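Q: A predicted structure for the sequence below; I have some questions about it.
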Amino acid sequence: MLNKQTMISIEDALPGREASMQIDDTHFVNQSSLTASPQAHQQQILFGMGCFWGTERFFWQLEGVISTSVGYAGGYTQNPTYDEVCSGKTGHTEVVRVIFDERVISLEQLLAAFWEKHDPTQGMRQGNDLGTQYRSAIYTYSQEQLEVAEKSKTQYQQALQEDQRAAITTEIQAAGPYYFAETYHQQYLAKNPNGYCGLGGTGVCFPPSLQG
């Protein structure tokens, strides 16, 4: 029997499919394009903080965030479905793709929010949500982003240690393929305001002097 809190191997992962997920391109909240590439003065980054519904809502509310979408990253299966990701047989985690205007909000500010708004010490779970799909993750699109993310991890780990908290388990690495989740997951909590949101932090603040 598969243990959903154990990462599956590439050999045992589901193969997936060639066809990509067909989604509605318009953001339900701010009417931005979900599939557009970053433009001048914009960057993209992927954040995994447990269930992606609440994570996406948190980020689309931040000033300077241009667009958000939910999807799957960090695994092996090509163009997976939600049910496949939930099975633990794809290796993916639920992520939010954030495109932001670096003139309005810095990567450091986004990372500070990322660390504060979930518990990055829980391994293959987030609260009552158990499985590899709920692991904490940052997937970056440049060497500079990777270095800034690693530095922020070190800074937040120090803050956690001062509060006698556990070690951070967040996966930080260069982004691989990002696969869009089904349209009904996109901006889910705007379409379903009373829907489930498991987002919750440790209560430990990111050092304010380090937020850029």
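A: Perfect, I can see it now.
Q: residue boundaries of the helices in this protein?
A: In the chain, the segments counted as helices under DSSP state H are 52-60, 82-86, 107-116, 143-162, 188-191.
Q: Please produce CSV containing those helices, extended by distance to Leu130, mean pLDDT and mean neighbour count.
A: Using the backbone N, CA and C atoms, a C-beta is placed for each residue, glycine as well. Below are these laid out as CSV (distance: least, C-beta to C-beta, whole Å; pLDDT from 0 to 100; neighbours: other C-beta atoms under 10 Å):
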stretch, distance to Leu130, mean pLDDT, mean neighbour count
helix 52-60, 16, 98, 24
helix 82-86, 11, 97, 16
helix 107-116, 21, 97, 22
helix 143-162, 22, 97, 16
helix 188-191, 20, 98, 18
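Q: Would you tell me which of those helices gets closest to Pro177?
A: helix 82-86 (13.3 Å; C-beta to C-beta).
Q: returning to what we had before: between the helices of the chain, which gets nearest to Val204?
A: Closest among the helices of the chain, using C-beta to C-beta: helix 143-162, at 5.4 Å.
Q: so what secondary structure elements neighbour that closest one?
A: Helices and strands touching helix 143-162, as assessed by 3 or more C-beta pairs under 8 Å, 6 or more residues apart in numbering; DSSP states H and E, comprise helix 107-116, strand 136-140, strand 171-174.
Q: Please dump the ones you listed into TSV; it should also carry distance to Asp83 for every row.
A: Shown next, in TSV, are these (distance: least, C-beta to C-beta, whole Å):
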stretch	distance to Asp83
helix 107-116	27
strand 136-140	21
strand 171-174	23
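Q: Leu46: which of the ones you listed is closest?
A: That would be, of the helices and strands packed on helix 143-162 and by C-beta to C-beta, strand 136-140, which comes in at 3.9 Å.
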